[in-house]
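A.B. asks: Below: sequence and its predicted model.
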Amino acid sequence: MPSRLADAFRAHPVHLQPKHLHDFTSLKELPDSYKWASDEDQYRAQPDPAHHEPVPVVDLSDPNALEEIGHACRRWGVFQVVNHGVPTTVLDRMENVAKGFFSLPAHQKLKAARSPDGISGYGLARISSFFPKLMWSEGFTMVGSPLEHFQRVWPHDYTQFCDAVEEYDKQMQKLAQTLMWLMLGSLGITKEDLNWANNSNSTTTTTPRGGPKKEVAAGSSSAAIQLNHYPACPDPDRAMGLAPHTDSTLLTILHQSNTSGLQVLRDDGARWVTVPPIRGGLVVHIGDLLHILSNGLCPSVVHRAVVNRDRNRISIAYLHGPPSNVRISPVQKLVGPSQPPLYRAVTWNEYLGTKAKHFNKALSSVRLCAAAPINGLVDAKDQKNNNNAVKVG
Ligand SMILES: O=C(O)CCC(=O)C(=O)O
Ligand SMILES: [Fe+2]
């Protein structure tokens, strides 16, 4: 089993490479390879109902924040946070890094291409290989320092971009820890209940730009930063920005630019609900590992990104996971004679490998008990014959 996050996909190389990406800006019509139609009807971009109950917004400075987070975690698996302490300037600076990178000509971006079995770099969404059609997006993943990639792309002014990422990472680490303990606290779980979490304060993703690689302290949590770009699309109703999925994290903190596109699945798969961008606000998703840790009490939210006709969209996901050596299993406190453990123990790396192999069936593949809730998702390849497949709209 790989012990470093960066090695999680070694055994599962992807065959769709960045060279398969089109130059989106030159396309005046949607090519067939991007048309999600007929067989993929369930995944077609559809408007969501205007008056659906909105995704909860939690003000972290509100004395009721813990209670509201508890409610959102159990009922939604997603919420937005405001007054979270991360300065808007830090978010804006990071958004500018993403905009700067994605607006480069294709040959420049390809200098930072992700290798087939690697985790970091520029490329198509990894989940693309599970679908017969391509997604209208491009991404850049950072695990560890982006220094090498940035030097290749911006040989003269990479430092300002590295600095923005480093500051973003620092702020997100802090917020992720705060949110994690609020989410767990709302379930009655304390630091004493998770021995691995006691010394996991010093987390690190990126390293200082010029300096030596920071050693990751034993017990420190791991993370990745994912930049996503969804260019304006000539036929948004037939395209898909990012197909429905759950995140393989404990939790994900998502910053979205001021263009909407993120949707979460609600009402047992009946409806997609848009998560509107809030200036300075951040979206928090529960990932599969927190779902496992909570013994199924908190759903890992199924979400997707749709695209727009006239506007580019950027999103930045901070993917927060446990220390790579830690086995995540349902917390003892939440297990009892009437609540048997629903999942077996997995490390983050092991789970990422499972996800790379089984995609939306990964959670059920680590399930111990038939009663464990799964979120109604099925692999696109199985959809034709499956009556319980997600219905959109
Ligand atoms: O762009 C978005 O809104 C969603 C991004 C996302 O789900 C991801 O990066 O995992
Ligand atoms: Fe996601």
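C.D. replies: Ah, there it is. Ligands and ions are numbered 1, 2, ... in the order given.

A.B. asks: now stretch 255-267, how far from the centre of its chain.
C.D. replies: For stretch 255-267, the gap between its own C-alpha mean and the chain's C-alpha mean amounts to 12 Å (Cα atoms, centre = their mean, to the nearest Å).

A.B. asks: next one: stretch 133-146
C.D. replies: Its chain's average C-alpha position is 11 Å from that of stretch 133-146, according to Cα atoms, centre = their mean.

A.B. asks: Could you report the distance from Ala65 to Ala197?
C.D. replies: 20 Å (Cβ to Cβ, to the nearest Å). In this view, the C-beta of every residue, glycine as well, is placed from N, C-alpha and C.

A.B. asks: Return the nearest residue of the stretch 1-150 of the chain with respect to ligand 1.
C.D. replies: Residue of the stretch 1-150 of the chain nearest ligand 1, by Cβ to the nearest ligand atom: Gly139 (7.2 Å).

A.B. asks: which residue sits closest to the residue nearest the centre of the chain, ignoring its sequence neighbours?
C.D. replies: Compute the mean C-alpha point of the chain, and by Cα atoms, centre = their mean the closest residue is Asp247, 4.8 Å away. Residue nearest to Asp247 in three dimensions, not counting chain neighbours: Gly287, with 4.1 Å by Cβ to Cβ, 6 or more residues apart in numbering.

A.B. asks: and the one you found, how far is that from Gly77?
C.D. replies: For Gly287, the distance to Gly77 equals 9 Å [Cβ to Cβ].

A.B. asks: Asn360 now?
C.D. replies: The spacing between Asn360 and Gly77, counted by Cβ to Cβ, is 15 Å.

A.B. asks: Ser103: neighbour count?
C.D. replies: Look at Ser103: counted by other Cβ atoms under 10 Å, it has 12 neighbours.

A.B. asks: Give me the pLDDT for it.
C.D. replies: Ser103 is assigned a predicted lDDT (pLDDT) of 95.

A.B. asks: Check the gap between it and Leu368 for me.
C.D. replies: Using Cβ to Cβ, Ser103 is found at 47 Å from Leu368.

A.B. asks: elements contacting the longest helix that the chain contains?
C.D. replies: Longest helix in the chain, counting residues (DSSP state H): helix 158-185. If contacts are counted by 3 or more Cβ pairs under 8 Å, 6 or more residues apart in numbering; DSSP states H and E, helix 158-185 sits against helix 65-75, helix 88-102, helix 147-153, strand 222-230, strand 251-256, strand 282-286, helix 288-293, strand 313-321.

A.B. asks: Flag the shaky bits of the stretch 1-150 of the chain, pLDDT-wise.
C.D. replies: Scanning the stretch 1-150 of the chain for pLDDT under 70 picks out 1-3, 6, 8-22, 37-51.

A.B. asks: same thing but 90
C.D. replies: Within the stretch 1-150 of the chain, the segments meeting pLDDT under 90 span 1-28, 36-53, 115-119, 125-133, 144.

A.B. asks: show me where it has strands.
C.D. replies: Per DSSP state E, counting those that start in this stretch, the stretch 1-150 of the chain carries strands over the ranges 57-59, 78-82, 121-123, 138-142.

A.B. asks: what are the bridge partners for the residue nearest to the residue of the stretch 1-150 of the chain closest to ligand 1 when sequence neighbours are not counted, then?
C.D. replies: Excluding the flanking residues, the one nearest Gly139 by Cβ to Cβ, 6+ apart is Asn228, at 5.1 Å. Beta bridges link Asn228 to Gly139, Ser315, judged by DSSP bridges.

A.B. asks: and Asn228, how many neighbours does it have?
C.D. replies: Neighbours of Asn228 using other Cβ under 10 Å come to 25.

A.B. asks: which residues touch it?
C.D. replies: Each residue near Asn228 by Cβ atoms under 8 Å, 6 or more residues apart in numbering is listed here: Ala98, Ala125, Ser137, Glu138, Gly139, Gly241, Leu242, Ala305, Ile314, Ser315, Ile316, Ala317.

A.B. asks: related to what we said a few turns ago, from the neighbour counts alone, determine which of Ala65 and Ala197 ranks first.
C.D. replies: Ala197 (21 against 16).

A.B. asks: and that one, how far is that from ligand 1?
C.D. replies: In this view, Ala197 and ligand 1 are 24 Å apart by Cβ to the nearest ligand atom, to the nearest Å.

A.B. asks: Return the residues of the protein in contact with ligand 1.
C.D. replies: Residues of the chain lying near ligand 1 by Cβ under 6 Å from any ligand atom: Gln226, Asn228, Leu242, Asp247, Leu254, Gln256, Gly261, Leu262, His303, Ala305, Ser315, Ala317.

A.B. asks: quick one: the last one and Gln226 touch, right?
C.D. replies: Yes. Shown here, Ala317 and Gln226 form a contact pair, counting by Cβ atoms under 8 Å, at 4.2 Å.

A.B. asks: Would you map the helices across the stretch 251-393 of the chain?
C.D. replies: Under the criterion DSSP state H, counting those that start in this stretch, the stretch 251-393 of the chain carries helices at the ranges 288-293, 348-358, 362-365.
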